[in-house]
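Chemist: Need coordinates for the below:
(one chain, ligands or ions: 4)
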Amino acid sequence: MIINKEHTRSLLDLLQKPLSVILVNINTTTLGILDIILYKVQKALLQSDVHSKSDKSPVTVADYGSQVLVSFALEKELPAMAFSLVAEEDSGDLRKEEGKETLQRITELVNDTLASDGTYDVSPLTEENVLRAIDNGKSEGGSHGRHWVLDPIDGTKGFVRGDQYAIALGLLDEGKVVLGVLACPNLPLGSVNSKDPNDKVGCLFSAQIGGGTYMQSLDGSAPVKVHVSATENPEEASFFESYEAAHSSHDLSSSIAKKLGVKAPPVRIDSQAKYGALSRGDGAIYLRFPHKGYREKIWDHAAGYSVVTEAGGVVSDAGGNPLDFSKGRYLDLDTGIIVTNQKLMPSLLKAVKESLSENASAL
Ligand SMILES: Nc1ncnc2c1ncn2[C@@H]1O[C@H](COP(=O)(O)OS(=O)(=O)O)[C@@H](OP(=O)(O)O)[C@H]1O
Ligand SMILES: [Mg+2]
Ligand SMILES: [Mg+2]
Ligand SMILES: [Mg+2]
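Modeler: Ligands and ions are numbered 1, 2, ... in the order given. As a prediction, the model looks like this:
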């Protein structure tokens, strides 16, 4: 993405400024830089760039690099102001002896990206700067004040596979999501269902509370307002779910879809790109049922939640309760997350309730 210098004015007095100003700057500077680093890294990802975290999930130099750049950009854009960032990655493994090489590689990547982008005229970051930028993301969030919420790469498995992933940044204000920006570098601009390999890819979704949701191409087209599907007929409604069966029970979603009368097969894609695609009506339902014991993190949903609700969608847990982002780094949920439009939600909730009582062992 080419960064337009005119758009890079600083976010002075952020807290006094309307959210729309924050949104413009975060879109064009912060996520713009990221598009460059992630595109390059995904194309040239080495086996040695992918590591396993203590929960066995993958993390790559790009996840860390992305978190460093967003953290760095927020710090630059919010001068003289302590900002709170709740982000997925931490520096623990990079501070160990065996993390040394990875830290070097991240530092190189970040410095190359900052230099080639040119938005910030700074001397190269040291390894210590990089570790500190990652650790800025340690905030616990909560119900008071403002907290940025970042998933530097959501859908890391998709990223490594060469499929869908997203960079997801949200803003909480007094426990409510007020802003969401979702960059999906591999999502076709037309439709997720597009089979044409020549279709342009790279979508940026952005939403602010009360202001609707907009989509633009990652190379800078004018934003267009998007809406969720208005269908009232479940037979016409296709649904999204995780690509990875380990992340969401495909058996349960298939039983729910059958009960509802959904005819189309599931659309399985990684990451919050599902929320983005739903916000422009590519499908009408998103079903997510993690296996027992899994706790959802706020960075896996904050930006997507904002994008889809501002486009007219409704998000709830399986019991019909709204999501509560005010409880810290985790979401407290009654089994799973479901998303659809206002009209379909009552019948979807009914089908979910019935399927859960019939297939309790599916989770
Ligand atoms: N066991 C388990 N159950 C449920 N969810 C899990 C699980 N493990 C991981 N995750 C989280 O899923 C995030 C990826 O999003 P999706 O599940 O929507 O995508 S996909 O499974 O890759 O298709 C993924 O986000 P990233 O780690 O940012 O990629 C994880 O936070
Ligand atoms: Mg992860
Ligand atoms: Mg994630
Ligand atoms: Mg992630």
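
Chemist: Can you verify residue 184 is assigned to a helix?
Modeler: No. Assessed with DSSP: H, G, I helix; E, B strand; the rest coil, residue 184 is strand; it does not lie in a helix.

Chemist: Just to check, it is in contact with residue 166?
Modeler: Yes. With contact defined as C-beta atoms under 8 Å, residue 184 counts as touching residue 166 (4.9 Å). Any C-beta I mention is one placed from the backbone N, CA and C, and that applies to glycine too.

Chemist: shared neighbours of those two, which are they?
Modeler: Shared contacts of residue 184 and residue 166, defined by C-beta atoms under 8 Å, 6 or more residues apart in numbering, comprise 271-273, 276.

Chemist: Residue 214 touches residue 221, doesn't it?
Modeler: No. Counting by C-beta under 8 Å, residue 221 is not a contact partner of residue 214; they are 10.8 Å apart.

Chemist: Pull up the residues of this protein that are close to ligand 3.
Modeler: Counting by C-beta under 5 Å from the ion, the residues of the chain close to ligand 3 are 151, 154, 300.

Chemist: where along this structure do the strands fall?
Modeler: 50-52, 58-60, 85-87, 146-154, 166-173, 176-188, 201-208, 213-217, 224-226, 239-241, 267-268, 285-288, 313-316, 337-341 (DSSP state E).

Chemist: want to throw these into JSON lines with mean pLDDT?
Modeler: Converted to JSON lines, the strands of the chain look like this (pLDDT from 0 to 100):
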{"stretch": "strand 50-52", "mean pLDDT": "90"}
{"stretch": "strand 58-60", "mean pLDDT": "94"}
{"stretch": "strand 85-87", "mean pLDDT": "97"}
{"stretch": "strand 146-154", "mean pLDDT": "94"}
{"stretch": "strand 166-173", "mean pLDDT": "93"}
{"stretch": "strand 176-188", "mean pLDDT": "92"}
{"stretch": "strand 201-208", "mean pLDDT": "90"}
{"stretch": "strand 213-217", "mean pLDDT": "92"}
{"stretch": "strand 224-226", "mean pLDDT": "97"}
{"stretch": "strand 239-241", "mean pLDDT": "98"}
{"stretch": "strand 267-268", "mean pLDDT": "98"}
{"stretch": "strand 285-288", "mean pLDDT": "98"}
{"stretch": "strand 313-316", "mean pLDDT": "98"}
{"stretch": "strand 337-341", "mean pLDDT": "98"}
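
Chemist: wait, residue 144 sits on residue 176?
Modeler: No. Between residue 144 and residue 176 there is no contact under C-beta under 8 Å: 11.5 Å.
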